[in-house]
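Just the structure for this:
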Amino acid sequence: MAAAREEGKAVKRRESPYVLGSIVRVLMKNFLTYTVCEVYPGPSLNVVVGSNGTGKSSIVCAICLGLAGKPAFLGRADKVSLFVKQGYMKGVVEIELFQSPENIIITREIYVVNNASVWYINREPATLKTVEEQIAALNIQVDNLCQFLPQDKVGEFTRLSKAELLEATEKSIGSPEMYQLHCELKNFREKERELENLFREKTTSLEKMKQRVERYKQDVERYHECKRHVDLIEMLERKRPWLEYENLREQHEEVKQCRNQVQKELKCLREKQAPWTRNIQKAEENLNNLDMKTRDNTAEIRNISQKCKEKQDALEMKDKQIEEINQAFRMKKDEERSRQKKIDQTQQIIQEWQNELDTMAVCENLQPQIDAVNTELKKLQEEKANIDNDVSDLRAEKTNQEREEKRIIDRLGQLNNIMHVKEEKLKQRFQDTHSALMWLRNNKDKFKKKPCEPMMLEVRDRQNLRVNAVCAPDKSCAEILPSRPIEELHRYGFYSYLRELFDAPSPVMSYLCYQYHVHDVPVGTQKTRDMIERVTQETNLRQIYTAEERYVIKISAYTKQTVTSNMCLKDAQYLTSSVDTEERGQLENQRQDISNTLKSLDARLTALFERQKLLDLKDNKLRQEKKALLERENQRRLLESKIGVKKDSLRQLEQDAIDLEMEFQLADVKIKEINKQKAELVIELMHLMKRIIPLNVIKVDLACQMTRVTAKKNRLQSEHKAGTVQLRAAQQRFHELDSKRQYLYDKCRELLERAQHICRLRPDQDFPEEFKVAFQTLPDTLEEIDAFLNEEKTRASCFTGLSSSVVEEYNKQTQEIQQLTEYLEEKRNELNNYKQNISQVKEKWINLLKVMIEQINEKFSKFFSSMQCVGEIDLHKENEEEYEKYGIRIRVKFHNSTELHELTPYYHSGGEKTVSTMLYLMALQELNRCPFRIVDEINQGMDPTNERRVFEMVVETACKKRTSQYFLITPKLLQNLTYNNKMTVLLVYNGPFMLETCKWNLKRFKKRQRRLSCMT
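Model prediction:
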């Protein structure tokens, strides 16, 4: 039995009307407007109908996001977390897609935190990449406007370029091979274009290189000819130093032989001079010994002389010390003499001041007069302080009054400015009302009662102005009490009635209370908004305001149910600023009072300033009188103080006396001690003089001996001189020849090294055979070498402006030409291969493309013909080889008097663009490979006739056998439309009285309806 059931299910699935990838079920939890909603669309045409705001587009959003679509494609929000229902942290979208043998269930959990999503396939966790691969395998493209056209993207479809429309159509109904071939063609063409540009550039470079090489060729030949002359010059320059070396080496051998001959002669002369030489050497040794003894004797004499000088310096130092002691004693005597003179002068000054003090009469007692003046000054200071305090108080009061006056003036300016701003707003927004206001101000005397500005209620006057005016109730309602005290509503968050929150003239307030019951409309806080359901059930209020919303509670006349509607409060426009006339009057009165007060304060301040001047004059007079009394009192005291200071100075001078007798005795003791030390120094000096006399005698004796030895030496040298002259001449000749030999030897080595260096030979290297052969063909004398060398240099100098870089550049350019030629041949073959590939791929793609466009054009033209219009689809191409610019061109004609015109977002009307878009999508319906197509509210821009025709075409096309699933989203449908049994109509309702999905039973509703019909 189980096997039979499974087999039956398999047969049933194989016969299912759903195509692969069609939507079988859509589940939404906490998504946009839905808390929980589950939708079961049909396999063919699904018409989703519902009022605006009920949640039709929410289903479209759920399908898009549930199939890995991007939020930006919907054009509503850029974050997926914004699609979660307000007040919830998580939303769920679940899509069940048809597939044999088991359907695919894709689930997406959306988290508000971090804007994250979690994916599941058949209840198993999956990654976004896996979901996208699964959806792509079913050929579902939610980002293709030919398959998925949400409400906010309808206008964008007509703005697609021809190339974009072609690609979207290929993806939607074309075979996978077609779009792949198109992409390959574009890539091949791009590569071909790059290769052509590269081939063109390289060919140009090759021609330039060839021309450059031709210019180099003649220079290279001249360079080689020049090189031959240079090589010959180099060889001549190599042989020349070897010739110089050979010539100099022969000279060296000759000089060497002469030097050896002179050396033998010099030896013989030295043997003859040997006896005289030995005697002279012996005399020189004696002379050296005597000289050494003389130097030692001289050093000893110098040492003793130095000690004698030191003793003499010490004696002079002792004399200076005695002189310093005598000088110090003399200074003590001068100091004592100066002290006595100061004492005499001080005593004289004291005597003079004492005589002056004795002659000065005893002053009368001035203290009572000084005290009387001080008392009078104190009274004046107290009075002046009182006046200063009064002035400070008056100034502070004046400053406060002036500040208050400024505040009142500023406030009046603000009120006047507010009134001006309000009048300008009124003039800009309601010109007639402003004109009526100006008329009212000029004609207030024509009214029996005082009118209020501005007027309301429609009246007409001679100026033909259309304005509103109202009449206040005869009985004032401005002070009418609310139905209940506000304190009873405090627990619901209400804090005041609407009337208490604004001011208005009594007639205006009376009218508002009478007409709008503002005295009985409470105003609440956020607390009221949070418990709004409880407020509506318990308070029986009919109108409520919060900070952001207005709630209106009505009772249904049919169901007796309470119906609550709310709307957001708009920003204030005309009552944002108001003028209080009562306040302005009060401010004017206050300003007048302040002006009077300021005048009074100025008068009082003037009187106080006059009194201050009188007190200042009296104060100055008393101070001068006090100063004269104090000067008379202080004169005697000053003189007594000066006498006391001088007496103290005299006592100090008398205490500083110097004992000259004692000072004389101390100086005498010091001088005697120094004289004793001088005597000791003189004795030591006499001993040193006795030691130096014998040494001078010895010095004279040594000088005599040196004179005798020197004379003997001179005699021997004169006898030896004759033979020495001949010996010296021989030595001179030997040194000259030896120096010349050494010079020639060094010069030979230098020339040899130079010759080896020029020939690039090492010092230990034998002379190469090739040089020997080359040198045999060249001249053998320096004169011939120099002549030949000059001739070759002259020939080489004729080849100017040449260098080895010419040959290097020539070789380099030749090699680059060869490489570039091979490279161009390779790229030519590669370009031919690309052209062959393009030709093959283009043939396949064009054939498929033409068939597809012919099929679309056939359907599209047929749909337009049924509407008595003309429409065509053709392939647009600007250039045969610009495959990325190939596109689909839609041309339509809606009126017989016009020609076919390309569909553009600027030429055609909104309804024409909508009809064209809808019919194009319908033309794709039967050819479509996609599992489903969604079109959201595309019929909004159509007139009833076109809407009916299009709807009939949609029903006819989408309800054919084995066509793709179709979703048509619309807020309304015309009456008496054509329907099909294969259609599925999904009615979307929303509101507080909706049944939950699990409780919805259409059969039970119909059965109840029939029962009620029978009862009636």
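
and the helix or strand hosting E324, what's its mean pLDDT?
Using DSSP states H and E, the element containing E324 is helix 274-359. Confidence over helix 274-359, taken as the mean pLDDT, stands at 80.

And the next helix or strand past it?
Beyond helix 274-359 on the C-terminal side, the first helix or strand identified by DSSP H and E is helix 367-429.

Return the alpha-carbon coordinates of the helix or strand following that following helix using PDB.
Tracing the chain past helix 367-429, the next element assigned as helix or strand by DSSP H and E is helix 431-442. What follows is the C-alpha trace of helix 431-442 in PDB, where atoms were taken according to Å, rounded to 0.1, in the frame of the first residue of the first chain:
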ATOM      1  CA  GLN A 431      -3.500  86.900  -1.500                       C
ATOM      2  CA  ASP A 432      -7.300  87.400  -1.200                       C
ATOM      3  CA  THR A 433      -7.300  87.000   2.600                       C
ATOM      4  CA  HIS A 434      -4.400  89.500   2.900                       C
ATOM      5  CA  SER A 435      -6.400  92.000   0.800                       C
ATOM      6  CA  ALA A 436      -9.400  91.400   3.000                       C
ATOM      7  CA  LEU A 437      -7.300  92.000   6.100                       C
ATOM      8  CA  MET A 438      -6.100  95.400   4.800                       C
ATOM      9  CA  TRP A 439      -9.700  96.300   4.000                       C
ATOM     10  CA  LEU A 440     -10.800  95.300   7.500                       C
ATOM     11  CA  ARG A 441      -8.200  97.500   9.200                       C
ATOM     12  CA  ASN A 442      -9.300 100.400   7.200                       C
END
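
tell me what helix 431-442 is packed against?
Contact here means 3 or more CB pairs under 8 Å, 6 or more residues apart in numbering; DSSP states H and E; on that basis helix 431-442 packs against helix 367-429. Heads up, the C-betas are built off the backbone N, CA and C, glycines and all.

and the nearest residue to E538 once chain neighbours are set aside, what does it touch?
Once its chain neighbours are removed from consideration, E538 has its nearest residue in Y492; the separation is 7.9 Å (CB to CB, 6 or more residues apart in numbering). Y492 makes contact with 524, 527-528, 531, 534-535, 538-539, according to CB atoms under 8 Å, 6 or more residues apart in numbering.

And for I104, the neighbour number?
Under the neighbour criterion other CB atoms under 10 Å, I104 is assigned a count of 18.

List the residues that contact the residue lying closest to it once chain neighbours are set aside.
Nearest-residue entry for I104: L97, 4.6 Å, with adjacent residues in sequence omitted and distances by CB to CB, 6+ apart. Under the criterion of CB under 8 Å, 6+ apart, the contact list for L97 reads 21-24, 103-106, 138, 140, 931.

Give me the distance between L97 and R962.
Note on L97: its distance to R962, by CB to CB, to the nearest Å, is 17 Å.

And for I853?
Taken as CB to CB, the spacing of I853 relative to R962 amounts to 23 Å.

neighbour count winner among these two?
For I853 versus R962, neighbours defined as other CB under 10 Å are more numerous around I853 (18 against 10).

show me the residues around that one that make contact.
Residues 873-875, 888 are the ones in contact with I853 under the rule CB under 8 Å, 6+ apart.

Can you tell me the element it falls in?
Assigning secondary structure by DSSP H and E places I853 in helix 804-866.

Now do the longest helix seen in the chain against helix 274-359, angle only.
Looking only at the chain and at elements set by DSSP state H, the helix with the highest residue count is helix 660-758. Going by axes from the mean of the first three to the mean of the last three CA atoms, to 10 degrees, helix 660-758 is angled at 140 degrees with respect to helix 274-359.

quick one, what contacts P505?
P505 makes contacts with C452, as judged by CB under 8 Å, 6+ apart.

again with E404
E404 is in contact with 590, 594, counting by CB under 8 Å, 6+ apart.

Any stretches of the stretch 901-1016 of the chain with poor pLDDT?
Counting by pLDDT under 70, the stretch 901-1016 of the chain has low-confidence residues at 905-906, 909-911, 914, 918-929, 938-943, 946, 992, 997-998, 1016.

Do you have the strands of it handy? List them.
Under the criterion DSSP state E, counting those that start in this stretch, the stretch 901-1016 of the chain contains strands at 901-902, 932-936, 965-970, 984-988.

can you count the residues close to Q141?
Using other CB under 10 Å as the criterion, Q141 is surrounded by 19 other residues.

Work out for me the element it sits within.
Element membership for Q141 (DSSP H and E) is empty, with no helix or strand holding it.

For I888, see how far away it is.
As judged by CB to CB, Q141 and I888 stand 17 Å apart.

Show me what the helix or strand hosting I135 is packed up against.
Applying DSSP H and E as the criterion places I135 in helix 128-137. Packing partners of helix 128-137 (3+ CB pairs under 8 Å, 6+ apart): strand 104-111, strand 116-121.

how about a cut-off of 6 Å?
Helix 128-137 is packed against no helix or strand, with contacts defined by 3 or more CB pairs under 6 Å, 6 or more residues apart in numbering; DSSP states H and E.

returning to what we had before: quick check: next helix or strand after the helix holding I853?
Moving toward the C-terminus from helix 804-866, the next helix or strand (DSSP H and E) is strand 870-876.

The helix or strand following that next one to strand 870-876, inter-axis angle?
Following strand 870-876 in sequence order, the next helix or strand is strand 887-893 (DSSP H and E). With the same axes, to 10 degrees as the criterion, the two stretches strand 887-893 and strand 870-876 enclose an angle of 160 degrees.
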